[in-house]
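S.K.: Show me how the following folds:
(one chain, ligands or ions: 1)
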Amino acid sequence: MRKYEDTYRHKGLRKKLVDLLRSKHITDENVLTAINNIPRHYFMDSALDNIAYEDRAFPISDGQTISQPYTVAYQSQLLQVKPGDKVLEIGTGSIFQASVLAEMGAKVFTIERQKNLFEKTKQFVFKSKYANLKFFYGDGFEGLPTYAPFDKVIITAAAPFIPPKLIQQLKPGGFMVIPVDDEKGEHQRMLRLTKNADGTYGEEVFENFSFVPMLTGKNR
Ligand code: SAH
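M.R.: From the prediction side, this is the model:
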């Protein structure tokens, strides 16, 4: 069994990471507080303990990554999370992004398509702390019709297009934050969509990012 320890050194490194995010124009104090409260090194292999607070993505198992803290902060900030918001996340991965949203008081429903990663969520260290975080094994393109509608939807993999079913499952006035492939498929443009009462949506375009692909179907 792995032993989890959040030492003064970890806390110090985390504070420096938060200062760095601030210098990169992350201004939502609720996002910064959540990142300051969550031991990111718990979400990664213990061998990466010393570098867990660098502002970069790292490999986790099954060929996937834990997103860069800046990316997590950026998407969380665009989502304008309020306590009690129902948030759907596509791409559970390491559970770090989902934990940030849960720490901010959202009711989080997160979907992962890879069985191995989903199985790992059963041993999640903060399971009892985040009773407001629920895990699902499935294809994110389908969303979670049973639990819809959602106040917010966040996609944490590179989407080839805007999934129509996820728009349907968004409340009018709700936001979707989604990185969508550019023409060359090399990068993704971060979009924030706002759903209108008639089912159409407005679109704002933000910075470019680089995500692992959003793939169709479940993987055993
Ligand atoms: N939010 C994660 C980022 C993980 S990387 C974190 O904080 O660490 C993206 C994840 O999306 C991967 O785990 C990948 O398996 C998953 N994914 C890709 N396509 C998906 C889909 N259609 N449905 C659900 N998950 C998907």
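
S.K.: ok, which stretches of the chain are helices?
M.R.: Along the chain, counting by DSSP state H, helices occupy 8-23, 29-37, 69-79, 96-103, 115-120, 164-168.

S.K.: Can you list the buried residues in the second one?
M.R.: Applying a neighbour-count criterion of 16 or more other CB atoms under 10 Å, the buried positions in helix 29-37 are 30-32, 34-36. (C-beta placed from N, C-alpha, C; glycine too.)

S.K.: From Thr200, how far off is the most centrally placed residue in the chain?
M.R.: Centrality entry for the chain: nearest residue to the mean C-alpha point is Gln97, 3.4 Å, by CA atoms, centre = their mean. Gln97 sits 28 Å away from Thr200, going by CB to CB, to the nearest Å.

S.K.: counting contacts, what elements does the longest strand along the chain pack onto?
M.R.: Looking across the chain with DSSP state E, the single longest strand is strand 170-181. Under the contact definition 3 or more CB pairs under 8 Å, 6 or more residues apart in numbering; DSSP states H and E, strand 170-181 sits against helix 69-79, strand 150-155, strand 188-195.

S.K.: residue ranges with poor pLDDT in the chain?
M.R.: Along the chain, the model assigns pLDDT under 70 to residues 1.

S.K.: what does it put close to the ligand?
M.R.: By the rule CB under 6 Å from any ligand atom, the part of the chain lying against the ligand is 64-67, 90-91, 93-94, 96-97, 111-114, 117, 139-141, 156-157, 212, 214-215.

S.K.: buried set for the longest strand of the chain?
M.R.: Quick answer for strand 170-181 (16+ other CB under 10 Å): 170, 174-181.

S.K.: what does that strand contact?
M.R.: Here strand 170-181 makes contact (CB atoms under 8 Å, 6 or more residues apart in numbering) with 75, 78-80, 149-162, 166-167, 187-197, 199, 201, 209, 211.

S.K.: How far does it sit from its chain's centre?
M.R.: 13 Å (CA atoms, centre = their mean, to the nearest Å).

S.K.: tell me the contacts of Lys86?
M.R.: Residues in contact with Lys86, defined by CB under 8 Å, 6+ apart, are 106-107, 109, 147, 149-152.
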